[in-house]
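>>> sequence and predicted structure are below.
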Amino acid sequence: EAGVAQSPRYKIIEKRQSVAFWCNPISGHATLYWYQQILGQGPKLLIQFQNNGVVDDSQLPKDRFSAERLKGVDSTLKIQPAKLEDSAVYLCASRQGGEETQYFGPGTRLLVL
Amino acid sequence: AQKVTQAQTEISVVEKEDVTLDCVYETRDTTYYLFWYKQPPSGELVFLIRRNSFDEQNEISGRYSWNFQKSTSSFNFTITASQVVDSAVYFCALSDYGSSNTGKLIFGQGTTLQVKP
């Protein structure tokens, strides 16, 4: 079974530019999460989807971050405009209904200069 | 508020030594799950184990073992006869399946384990 896929793996941009990350969850997993992991810290939830609906986006900086999961499968996370403090690893995870474990993708490492 | 504390920032051991990674959690929920994940240099979080709040049995999987004690709100992880390949950052996490039922994970700060040959 294929795992969670993410792209790109690395991205370097300048501040005030925009960037987008893509995630393809494990097939059949209805719940999808985006986490932000700043260097030296544990991941922190940005947004959670159940199918194509948002369950929790309380920690998403909505003035610059947006996310969508239009068909309930793939998801895109966007930052516009990026700030220096957005430099982090962005992790996507998915979970099957009725199961408790989240499975993570390889992450996208973002560096904002 | 829910919280996970991993007091050990970095641990360094020599191969074949046993090592224990500590995890203390805080929650007011009666139903919750605890996890350990491994993050090697490649960056991906690899699931190791899950425990629910009603199951305090210790678990052993090969060289790995976990000690869950509700009385002290701890979920410690021991690696027996450590190997160089065990070098990674290890995260303890708590999920919310009580009040909000979202299943989001609350992570500790992580413990960096270095196993020297």
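Here it is on my side, so go on.
>>> residues of chain A that sit close to chain B?
For chain A, the contact set with chain B under C-beta under 8 Å from any C-beta of the partner chain comprises A:31, A:33, A:35, A:40-45, A:48, A:55-56, A:89, A:91, A:93, A:95, A:100-107, A:109. C-beta here means a position set from N, CA and C on the backbone, and glycine is covered the same way.
>>> are any of those buried, and which?
Applying a neighbour-count criterion of 16 or more other C-beta atoms under 10 Å in any protein chain shown, the buried members of these are A:31, A:33, A:35, A:42-45, A:48, A:55-56, A:89, A:91, A:93, A:95, A:101-107, A:109.
>>> what distance do you get for the closest residue to A:V54 other than its chain neighbours to A:L77?
Distance criterion C-beta to C-beta, 6 or more residues apart in numbering or on different chains; nearest residue to A:V54, sequence neighbours excluded, is A:I47 at 6.5 Å. As judged by C-beta to C-beta, to the nearest Å, A:I47 and A:L77 stand 8 Å apart.
>>> ditto for A:L70
13 Å.
>>> who has more neighbours, those two?
It is A:L77, of A:L70 and A:L77, that has more neighbours when counted by other C-beta atoms under 10 Å in any protein chain shown, with 23 against 9.
>>> circling back to that earlier point, pull the number of nearby residues for the residue nearest to A:V54.
One way to gauge burial is a neighbour count; for A:I47, by other C-beta under 10 Å, it gives 25.
>>> Three-state assignment for it, please.
Reducing the assignment to helix, strand or coil with DSSP: H, G, I helix; E, B strand; the rest coil, the entry for A:I47 is strand.
>>> that one touches A:Y35, doesn't it?
No - using C-beta atoms under 8 Å, A:I47 makes no contact with A:Y35, being 9.2 Å away.
>>> the residue nearest the centre of chain A is in what secondary structure piece?
Chain A has A:W34 as the residue nearest its centroid, 3.2 Å off, counting by C-alpha atoms, centre = their mean. With elements taken from DSSP states H and E, the one containing A:W34 is strand A:31-37.
>>> pairing partners for that strand, with directions?
Strand A:31-37 pairs in its sheet with strand A:44-50 (antiparallel), strand A:88-95 (antiparallel), by DSSP bridges.
>>> want to throw the ones you listed into a markdown table with mean pLDDT?
Below are the strands paired with strand A:31-37 laid out as a markdown table (pLDDT from 0 to 100):
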| stretch | mean pLDDT |
| --- | --- |
| strand A:44-50 | 95 |
| strand A:88-95 | 96 |
